[in-house]
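1. return atomic coordinates for the entry below.
(chains A and B)
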Protein chains: 2
Amino acid sequence: MDALAPATGMNILTKAARVAARVLAVSPTDQRDAALRAAANALRAQTAEILEANARDVAASQANAAFRDRLTLDQARVEAMAKGLEEIAELPDPLRRVLSEWTRPNGLLIRRVAVPIGVIGMIYESRPNVGADAAGLCIKSGNAVILRGGSESFHSARAIQKAIEEGLRAVHLPEACVQIVPDTDRAYVATMLDAAGMIDLIIPRGGKSLVERVQREARVPVLAHAEGLCHTYIDARANPDMARQILANAKMRRTGICGATETLLIDEAIAPSLLPTLIDDLSKLGCAFVVDERARAIRPDLPLANAQDFSTEWLDAKLSVAVVDGVEQALAHIAHHGSGHTEAIITEDAETAEKFLNGTDSAVVMWNASTQFCDGGEFGFGAEIGISTGKLHARGPVGLEQLTTFRYEVRGNGQIRA
Amino acid sequence: MDALAPATGMNILTKAARVAARVLAVSPTDQRDAALRAAANALRAQTAEILEANARDVAASQANAAFRDRLTLDQARVEAMAKGLEEIAELPDPLRRVLSEWTRPNGLLIRRVAVPIGVIGMIYESRPNVGADAAGLCIKSGNAVILRGGSESFHSARAIQKAIEEGLRAVHLPEACVQIVPDTDRAYVATMLDAAGMIDLIIPRGGKSLVERVQREARVPVLAHAEGLCHTYIDARANPDMARQILANAKMRRTGICGATETLLIDEAIAPSLLPTLIDDLSKLGCAFVVDERARAIRPDLPLANAQDFSTEWLDAKLSVAVVDGVEQALAHIAHHGSGHTEAIITEDAETAEKFLNGTDSAVVMWNASTQFCDGGEFGFGAEIGISTGKLHARGPVGLEQLTTFRYEVRGNGQIRA
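-> Residues are numbered from 1 along each chain as shown, chains lettered A, B, ... in the order given. The predicted structure is shown next:
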């Protein structure tokens, strides 16, 4: 394939994917589940080959230690991949769910029924298991998938792909249900972004620059979030102990995930008494701060935030802090600086809480809970292919159900329209 | 505004729309309904001015008679616009519907709740009432809308807009909930298509070249159908009388709508006996035909179809006919030639019917009913802003509910993530 122009190569992949998607769309639940289980066993059986291919990738990698850590596979990580596929097999089939049903006065029975989206393009960086997880979710939801991982994990991806193909073959599903881009030429990415009508949805997972590039250039619909600039607002009528516990978790449980709180907004009525305690709590956990003028008046030892800070996703042990005049100003701050991801309010006042929940157009809004709950597993979806901050089709954690669309089925007995 | 560059002008419009959208999103049902009723009354009160503006447009129009007919308003058409707004006011509020709700083992209550999409851009041709209908649906569903009608209906659109603004003012909703592009410069269309992040969704309504241009150039998500190349497949086990009745309606009830059947597929087992009758039925109604070799063997008097014909949407009293070997070949034909819109099977065999319903990825599939039922009113949606053949977010007739998206609301009492 290396001799083909990328556009031609992508054409071949997408044509095969479209045919495979039609087969998957009508495949029985059992067949898809059996494919996942067979693929899981193939991963286990081929662990040695997968780790060998991965060792080649790691040896060739020139990246920093954190990156190489994400790139490296070991027996435990391969086993986790296999288990992941088996867990997806256990989930309920999202296809053919009847989403709604009604009968018209003329007797027509109309149903809205869940069906696969079609062909999904997955563009991801560094962690090889993202490809396996995505393949599992796509097979289960009846979608064919084209995987393009980072060039640094190319051999790992290909070894994993062999195992998945074995799973598909074992149940007589087309191997083209899951394909990897067989060339590290970056031009292939552009052909994926351009494949409107051949690829139905692109899901980019990785750093901000990858996601933003995809969102900017894709002519295919994109499911993604570029940023998780999440806010926790502590209201005047917050329970202080609850506020302390939630904020510590929302900021520091894991600082590198999109659901980590990046900015604390705190009502001016409670700030003098509570803010110093919150700062001390988080300092003990190793957190740094940038604060606005009003917060600095309470804690002059802390550095002043600049204009950009409140629009910055730290993905680190660092918190922006602003004192606000009540929920309205908190909402105004979020409208100005937020990324549409997840916002939380801590309060005992139900009316204020509802005002907050209704007053922002982020994908996920929370009352008295940690923003770190924005996760498919925590939502009960069983698995998650990513998180979306877009407005349409799917928002928040994207699980199996969101990898489907619907069609209308109209059943009559001869009705004609007047 | 004429002195501003279109990009600057659109920036002003979208900024105002975004602010208005935030107000609409939290507005009570009653307020939006009252705005619609006040706008309806304003339309009636301003009929003379609207008709005068329309007369200017018609006089200046250089188009053909059919086009000018679509452009022309009269008292009855203005009254229909007003009634349309009142009917939308009567529909249930699509906002804040609880789409699903569940409690997690840790006690978190999670809800998926319907919310407005945000700012919608409507690009349409010729019929001025499309703008009024769209404004009504957008207001009701909490979306701000920017309307760009054809330049030939500019004065009509502006006069209608005055009435709608009066309705918004009467209930203290921002006038920017509904804005028209105040300049006929075609460059404004490009700025709308480019307004990713400022406009959330674009809905084009008009001819194929407009829709295809929008789909091709927009960086904003688009809800549209370019073509309605609908099929009716008559199976070997069809009830012949039902088949005759349905086909006549599906082709000839109204030939210019997207739900009109353009191609008849008929099983080879029933074709010899039934096809001549169907041809005669439709001929009496004024229909013309192009047929494949196998159909021509049955009716040699009919012209032979060429390679393009089965991929052509006639929008006229013309039907393409092909004889097929059963439902599988019918599905293969549809997969090759269809536009993803609406496909129907006529049969008494439930198993064959289910195979057909499952075997295509069109937005709407029908059993024993006329494809002309693909319509928001017929589906019971009360109103329709257009029909979509896209894969995501909304498919088929797009009514009020599809002009919403959702958010997750998570209610806790202090939960933190492990």
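
2. now do the helix or strand of chain A with the lowest mean pLDDT: which elements does it pack against?
-> Within chain A, confidence by mean pLDDT, DSSP states H and E is lowest for helix A:65-71 among all helices and strands, at a mean of 84. Where contact means 3 or more CB pairs under 8 Å, 6 or more residues apart in numbering or on different chains; DSSP states H and E, helix A:65-71 is packed against helix A:47-60. Any C-beta I mention is one placed from the backbone N, CA and C, and that applies to glycine too.

3. state the pLDDT value of A:A317.
-> On the pLDDT scale, A:A317 is placed at 96.

4. isn't it up against A:M252?
-> Yes - using CB atoms under 8 Å, A:A317 is in contact with A:M252, at 6.7 Å.

5. more crowded one of those two?
-> Per other CB atoms under 10 Å in any protein chain shown, whichever of A:A317 and A:M252 has more neighbours is A:M252, with 19 against 16.

6. contacting residues for that one?
-> Taking CB atoms under 8 Å, 6 or more residues apart in numbering or on different chains, we find A:M252 in contact with A:L282, A:L285, A:G286, A:C287, A:A317.

7. try A:A16
-> By CB under 8 Å, 6+ apart, the contact set of A:A16 is A:P174, A:A176, A:Q179.

8. give me the element it is part of.
-> For A:A16, the element it lies in under DSSP states H and E is helix A:6-25.

9. buried ones in that helix?
-> Under the neighbour-count criterion of 16 or more other CB atoms under 10 Å in any protein chain shown, helix A:6-25 has A:6, A:9-10, A:13-14, A:16-25 buried.

10. what does the stretch 1-150 of chain A have sitting close to chain B?
-> Contacts of the stretch 1-150 of chain A with chain B, taken as CB under 8 Å from any CB of the partner chain, map to A:R22, A:A25, A:V26, A:W102, A:R104, A:L108, A:I110, A:V115, A:I117, A:G118.

11. give me the subset of those that lies in strands.
-> A:W102, A:I110, A:V115 (DSSP state E).

12. burial count for A:N54?
-> Using other CB under 10 Å, A:N54 has 23 neighbouring residues.

13. ditto for A:A307
-> By other CB under 10 Å, the residues close to A:A307 number 6.

14. nearest spatial neighbour of the residue of the stretch 151-300 of chain A found nearest chain B, skipping sequence neighbours?
-> For the stretch 151-300 of chain A and chain B, the shortest gap (CB to the nearest CB) falls at A:N249, measuring 3.6 Å. The shortest distance from A:N249 to any non-neighbouring residue, by CB to CB, 6 or more residues apart in numbering or on different chains, is to B:I416 (3.6 Å).

15. ok, the one you found - contacts?
-> Residues in contact with B:I416 (CB under 8 Å, 6+ apart) are A:Q245, A:I246, A:A248, A:N249, A:A250, A:R253, A:A369, A:S370, A:Q372.

16. and the gap between A:G142 and chain B?
-> 10 Å (CB to the nearest CB, to the nearest Å).

17. isn't that residue up against A:P116?
-> Yes - assessed by CB under 8 Å, A:G142 is found in contact with A:P116 at 3.4 Å.

18. if we can go back for a sec, mutual contacts of A:A317 and A:M252, please.
-> With contacts defined as CB under 8 Å, 6+ apart, the residues shared by A:A317 and A:M252 are A:L285, A:G286, A:C287.

19. now tabulate the contacts of A:A16 in JSON lines and tack on distance to B:D183, pLDDT and neighbour count.
-> As requested, the contacts of A:A16 are arranged in JSON lines below (distance: CB to CB, whole Å; pLDDT from 0 to 100; neighbours: other CB atoms under 10 Å in any protein chain shown):
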{"residue": "A:P174", "distance to B:D183": "52", "pLDDT": "98", "neighbour count": "20"}
{"residue": "A:A176", "distance to B:D183": "49", "pLDDT": "97", "neighbour count": "24"}
{"residue": "A:Q179", "distance to B:D183": "48", "pLDDT": "97", "neighbour count": "24"}
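
20. using a markdown table, lay out the residues you listed together with distance to chain B and secondary structure.
-> Output for these, formatted as a markdown table (distance: CB to the nearest CB, whole Å; DSSP: H, G, I helix; E, B strand; the rest coil):
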| residue | distance to chain B | secondary structure |
| --- | --- | --- |
| A:P174 | 15 | coil |
| A:A176 | 16 | helix |
| A:Q179 | 19 | strand |
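
21. now the residues you listed as CSV including distance to A:M122?
-> Formatted as CSV, these follow (distance: CB to CB, whole Å):
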residue, distance to A:M122
A:P174, 18
A:A176, 15
A:Q179, 11
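
22. nearest to B:D349 among these?
-> Using CB to CB, A:P174 comes nearest to B:D349 of the contacts of A:A16, at 28.0 Å.

23. dump the residue contacts of the closest one.
-> A:A16, A:V19, A:A20, A:V23, A:L24, A:L168.

24. so where's the stretch 51-200 of chain A uncertain?
-> Counting by pLDDT under 70, the stretch 51-200 of chain A contains no low-confidence residues.

25. in the longest strand anywhere in chain A, what's buried?
-> Identified as the longest strand of chain A according to DSSP E is strand A:404-415. If you call a residue buried by 16+ other CB under 10 Å, then strand A:404-415 has these buried ones: A:T404, A:T405, A:F406, A:R407, A:Y408, A:E409, A:V410, A:R411, A:G412, A:G414, A:Q415.

26. picking up where we left off before, pull the most distant pair out of the contacts of B:I416.
-> A:A248 and A:A369, at 13.4 Å, using CB to CB across the contacts of B:I416.

27. of these two, which one has the most company?
-> Each of A:A248 and A:A369 had its neighbours counted (other CB under 10 Å), and the higher figure belongs to A:A369 (31 against 18).

28. what pLDDT does the residue nearest to the more buried one when sequence neighbours are not counted get?
-> Spatial nearest neighbour of A:A369, chain neighbours left out: B:G412 (3.3 Å); criterion: CB to CB, 6+ apart. B:G412 is assigned a pLDDT of 96 by the prediction.

29. state the distance from the nearest residue to A:S153 once chain neighbours are set aside to A:A66.
-> In space, and not counting its chain neighbours, A:S153 is closest to A:P128: 4.8 Å by CB to CB, 6+ apart. A:P128 sits 16 Å away from A:A66, going by CB to CB, to the nearest Å.

30. what does A:L109 give?
-> 56 Å.

31. for the stretch 301-418 of chain A, which spans come out with low pLDDT?
-> Using pLDDT under 70, the stretch 301-418 of chain A has no residue that qualifies.
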